[in-house]
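Trainee: From the sequence below, what's the structure:
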Amino acid sequence: MRKIKERTWLLVTVSTAGAPAALRVTVWRKLKELGALYLQQSACLLPQLPATSRAISQLSTRIMRDGGTVRVLTMAFSDPAQEQDIIRELQTARKDEYAEVLERFPSFFAELGMETARGRTTFEEVEESEADLARFRSWISKIRARDYFQAPLGDQARTELIRAEEAMTLFAEAAMLTDHVITDEADDAPGTVPRLRSV
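Mentor: Numbering: from 1, shown residues only. Modelled structure (predicted):
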């Protein structure tokens, strides 16, 4: 019987003592972006994957270039229960991030509904709402990239994003129709120079 291949991890330890303060911030931001789990202040853990290995290699080069020190060790857990504890911690961290996104969606839908009820389906409102939607897309995409173990709420967040995109499409269509009505009425006003209408 063939042995199941064990999962490997990257244990990363970093010291920025004596390096510029900006390096410490850069390292912290990059490790958080990757979803690293801090075991203590200067040591963190990531699953070893092509993307994480590549990112840590690039970060290590930056750290050493800017005067810091870094060690990257490849390891495997000898105790499966301890590994599952780590996986659960990573899932919880991502679940909390997805939950924060989901908390923001109702206000997006409420804003579209309020502007529609007020008759303010305008191009300017479309631009504002599309910017909000772009932030949701970017936010969920970043969380998904570091969601290595399919955390709860991930599917729900992606479903809500699809629903938000559909609502945005309807809002934009309403704005386009409003714009055409305004343009057409202006064109029909006495004394105005005829303009080509949208078709």
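
Trainee: measure residue 35 to residue 72 for me?
Mentor: For residue 35, the distance to residue 72 (CB to CB, to the nearest Å) stands at 16 Å. In this view, the C-beta of every residue, glycine as well, is placed from N, C-alpha and C.

Trainee: Would you mind telling me which of those two has the busier surroundings?
Mentor: More neighbours surround residue 35 than the other of residue 35 and residue 72, with 22 against 16 (other CB atoms under 10 Å).

Trainee: Report the contact partners of that one.
Mentor: By CB atoms under 8 Å, 6 or more residues apart in numbering, the residues touching residue 35 are 46, 90, 93, 94, 145, 146, 147, 148.

Trainee: hmm, 7 Å instead?
Mentor: Applying CB atoms under 7 Å, 6 or more residues apart in numbering to residue 35 gives the contacts 90, 93, 94, 146, 148.

Trainee: how about the last one, what does it touch?
Mentor: Okay, so that is residue 148. 35, 47, 90.

Trainee: Assign residue 176 to helix, strand or coil.
Mentor: What DSSP: H, G, I helix; E, B strand; the rest coil gives for residue 176 is helix.

Trainee: remind me which residues of this structure are low pLDDT?
Mentor: For the chain, the stretches flagged by pLDDT under 70 are 1-5, 179-199.

Trainee: quick one: the strands in it?
Mentor: With DSSP state E as the criterion, the chain has strands at 9-15, 37-40, 43-47, 69-75.

Trainee: Excluding sequence neighbours, find me the nearest residue to the residue with the shortest distance to the centre of the chain.
Mentor: Of all residues in the chain, the one closest to the mean position by CA atoms, centre = their mean is residue 139, 2.2 Å from it. Counting by CB to CB, 6 or more residues apart in numbering, the nearest residue to residue 139 once its immediate chain neighbours are dropped is residue 101, at 5.7 Å.

Trainee: Pull the number of nearby residues for that neighbour.
Mentor: By the other CB under 10 Å criterion, the neighbourhood of residue 101 contains 20 residues.

Trainee: can you tell me which residues contact it?
Mentor: Residue 101 neighbours (CB under 7 Å, 6+ apart): 136, 139, 140, 157.

Trainee: For the residues you listed, which single residue is the most surrounded?
Mentor: residue 157 (24 neighbours).

Trainee: picking that back up, got a markdown table for the contacts of residue 101, with distance to residue 67 too?
Mentor: Formatted as a markdown table, the contacts of residue 101 follow (distance: CB to CB, whole Å):
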| residue | distance to residue 67 |
| --- | --- |
| 136 | 38 |
| 139 | 33 |
| 140 | 36 |
| 157 | 39 |
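
Trainee: re earlier: would JSON lines of the contacts of residue 148 with distance to residue 60 be doable?
Mentor: Listed next are the contacts of residue 148 as JSON lines, based on distance: CB to CB, whole Å:
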{"residue": "35", "distance to residue 60": "17"}
{"residue": "47", "distance to residue 60": "17"}
{"residue": "90", "distance to residue 60": "21"}
